[in-house]
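Enquirer: Coordinates for the following, if possible.
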Amino acid sequence: MKNVLRTLTITGGLAASLLIGAGATSAAENDSLLNLNDGLVENLNILDSNEDNNVEINTQNDASSDVNVESTEESFTSNVDANSEGSIDAVVEGEDESAAVNAEGDAGVMNETVVDEENGTVTSTTEAATEGAIGAEVEGEEESAAVNAEGDAGVMNETIVDEENDTVTSTTEAATEGAIGAEVQGEDESAAVNAEGDAGVMNETIVDEENDTVTSTTEAATEGAIEAEVEGEEESAAVNAEGDAGVMNETVVDEENDSTTSTTEGNIDAGLNSVFENEENSTFLNADNNTSFVNVIETNEENDSSSFALGTESVTNLGLGSEDNENEESAKVMAAVSALIEAQRTEDSSRLGTEVDVASMVGLDSEDENSFSSMLDATAGLWVQSTHEDDNNSSELGLDLGLGFASMTETLNQ
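Expert: Numbers count the residues shown, from 1 in each chain. Below you'll find the predicted structure:
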C-alpha cells in the first residue's frame, strides 16, 4: 500500500508537469519537457523497482499555431490561432493492489483584428479557453477508491471602434466550470461524493460620442451543487445541496439630457435535501430559500428631479418528517418577507414611502394524531408627501395596515 501511495504522489506530480508543459509554447515542450519527464520516470522506477510491481507510463504532447495576414489598400485583417494539448496515463499493478492515474489538458487562444479604413472601423476579437481533467483509481482486495475531476475556463473580448458613428463598443465574457467525483467501496459500506460549480461574468460598455451617452451592462452568475451518499448493511444516508446566485447592473449616462439611470437586480437560490434510513424508520429534512432584490436610481439635473427604489423579497420553506412501521409524521413551515422603499423628488414636490409584507404558514400532519395548519399575513405601509408651490406648502402622511389569520385542526377518530 505504501508503494502504491508513493506512486500516486509521483504520478500526480508528473501529470501536473505535463499539463503545464502542454500549455506552454511549442519550443518549451521539446528538450526541457522531455528531460523533465525522463527524470520523473527514473525516480518512479527507483521507488517502485520492487519485482512484484509493474509500472507503465504513456505521455503525449501536441502544440500548433497558425498566423494569417491579409492586407489591401483599404483594409487589414490578422488572424492568430494557437493550441496545445497534453495527456498522461500511469498504471501501477501489484499482487494485492493496483493504482492508475489519467490526466489531460487542452489550451487555446485566438485573436482576429480587422481594420476597415473605408468605413472607419476597427474590430478586435480575442478568445481563450482551457480544459483539464484528471482521474485516479486504487483497487485492493477489500476496498476500492476512485476520484475524477475536470475543469473548463474561457474568456472572450470583442472591441469595436466606429469612427464614422463616433461609437466604441467593448464586450467581455468569462466563464468557468468545475466538477469532482469521489467514490469509496468496501465489503460492508460504500460512500460517494459529487460536486460541481459554474461561474460566469459579462460586461458590455458602449460609448456613443455623437449622442453623448455611455451605457454599461454587467452580469454575473454562479451555480453550485453537491451530493453525498453513504450506504451500509443496516443504515444509509444521503445529502443533496445546491445554490444559485446572480446579479445584473445596467448604468446609462446621458450627458446631452443630463440624466443618469442605474438598475441593479440580484437573486440567490439555495436548497438542501437529506434522508436517513435504517431498518426501523426513515427521517427526511428539506429546506430551500429564494431571495431577490431590485434597485433603481434615476437622476435628471435638467429637470432637477431624482428617484430611488429598493425592493427585496425572501421566501423560505422547511420540511421535516419521519416514518416508521406504525406512524408517519411531518411538519412544514413557510415564511415570506417582502419590503419596498421608494423616494421621489422633483423641483416642487417630494415623496417617501415604505411597505413591508410578512406571510407565514405552519402545518403538522400525523397518521394517528391530530393535524394542524395555520396561516398569517400582515402588511404595513407608510408614506409621506410634501408639495411646495410659491407660498403654498402642504404635507400628507398616510398609514396602511392589513392583517389576516386562518387556522385549521383535524382530529382523527380513534
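Enquirer: drop to CA atoms for contacts and neighbour counts, all remaining ones
Expert: Will do.
Enquirer: what about Glu74, how many residues close to it?
Expert: Glu74: 11 surrounding residues under other Cα atoms under 10 Å.
Enquirer: What values do phi and psi take at it?
Expert: Dihedral pair for Glu74: phi -110, psi -10, per degrees, to the nearest 10.
Enquirer: Domain-wise, how is the protein divided?
Expert: Domain assignment for the chain by automatic domain parsing gives 1-211, 234-414.
Enquirer: and the first one, how far out from the chain's middle?
Expert: What it means is domain 1-211. 20 Å (Cα atoms, centre = their mean, to the nearest Å).
Enquirer: Need the three-state assignment for the spatially closest residue to Glu396 that is not a sequence neighbour.
Expert: Counting by Cα to Cα, 6 or more residues apart in numbering, Glu396 lies nearest to Gln385, which is 5.1 Å off, once chain neighbours are set aside. Using DSSP: H, G, I helix; E, B strand; the rest coil, the structure places Gln385 in strand.
Enquirer: Now for Gln385, how many residues are close by?
Expert: Residues near Gln385, counting by other Cα under 10 Å, number 17.
Enquirer: what sits against it?
Expert: Ser349, Ser350, Arg351, Leu352, Ser395, Glu396, Leu397 (Cα atoms under 8 Å, 6 or more residues apart in numbering).
Enquirer: could you check the distance from it over to Met408?
Expert: 42 Å (Cα to Cα, to the nearest Å).
Enquirer: cool, and Asn148?
Expert: For Asn148, the distance to Met408 (Cα to Cα) stands at 52 Å.
Enquirer: Of those two, which one has the most company?
Expert: Ranked by neighbour count (other Cα under 10 Å), Asn148 and Met408 place Asn148 first, with 18 against 10.
Enquirer: bridging residues for the more buried one?
Expert: Counting by DSSP bridges, Asn148 forms beta bridges with Gly135, Gly181.
Enquirer: returning to what we had before: Phe276: which of the contacts of Gln385 is nearest?
Expert: For those, the minimum distance to Phe276 (Cα to Cα) is 51.2 Å, reached by Leu352.
Enquirer: Shouldn't the closest one be within a helix?
Expert: No: counting by three-state DSSP, Leu352 is not part of a helix but strand.
Enquirer: Across the sheet, point out what pairs with it.
Expert: With DSSP bridges as the rule, Leu352 is bridged to Ala343, Val384.
Enquirer: What's the separation between it and Leu401?
Expert: 17 Å.
Enquirer: same deal with Gly120?
Expert: Taken as Cα to Cα, the span from Gly120 to Leu401 is 62 Å.
Enquirer: So those two - more neighbours on which side?
Expert: Neighbours around Gly120 and Leu401, counted as other Cα under 10 Å, are more numerous at Gly120. The numbers are 15 against 12.
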